[in-house]
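Engineer: let's see this in three dimensions:
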Amino acid sequence: MGERLFYRVSEIGDLLGCSKSKAYELVASGAIPSLRIGGLLRVHRDVFGELAGEALNRAAPSQPERRPRGCDNSKPDLAWAGASGDKSAVR
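Structural biologist: Numbering: from 1, shown residues only. Purely as a prediction, here's the structure:
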């Protein structure tokens, strides 16, 4: 019949490398979407791909801040404490 469509919450814990109680906590909080079929609580296999995609999007480095044309990027920003040469302000 092929690959399973749904997994039990206890199996999700094994697949994610966490405890069964942590898996139930994640499902209860909504961090892992689940489906109740009759009295059974199940997680669809596609949830893993969605979770991985979200994690990768959060971990991706943000784009560097772009300055408008004509700004001289070679000059340092002197808006921090001690920029006037007063070394007592910088520790």
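
Engineer: going forward, measure contacts and count neighbours with C-alpha atoms only.
Structural biologist: Will do.

Engineer: count of neighbours near I32?
Structural biologist: By other C-alpha atoms under 10 Å, 19 other residues sit near I32.

Engineer: can you pull the contacts of it?
Structural biologist: Taking C-alpha atoms under 8 Å, 6 or more residues apart in numbering, we find I32 in contact with L26, V43, V47, L51.

Engineer: quick check: phi and psi on it?
Structural biologist: phi -120, psi 110 (degrees, to the nearest 10).

Engineer: confidence score at it?
Structural biologist: Per-residue confidence (pLDDT) for I32: 90.

Engineer: next: A83.
Structural biologist: In this prediction, A83 carries a pLDDT score of 51.

Engineer: with L5 instead?
Structural biologist: What the model reports as pLDDT for L5 is 91.

Engineer: likewise for L51?
Structural biologist: For L51, the model assigns a pLDDT of 80.

Engineer: what about E54, distance to R45?
Structural biologist: Counting by C-alpha to C-alpha, to the nearest Å, the gap from E54 to R45 is 15 Å.

Engineer: tell me where this structure has helices.
Structural biologist: Assigned by DSSP state H, the helices in the chain fall at 9-16, 20-29, 46-59.

Engineer: adding mean neighbour count and distance to G38, write those helices out as a markdown table.
Structural biologist: As requested, the helices of the chain are exported to a markdown table (neighbours: other C-alpha atoms under 10 Å; distance: least, C-alpha to C-alpha, whole Å):
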| stretch | mean neighbour count | distance to G38 |
| --- | --- | --- |
| helix 9-16 | 16 | 15 |
| helix 20-29 | 16 | 17 |
| helix 46-59 | 12 | 20 |
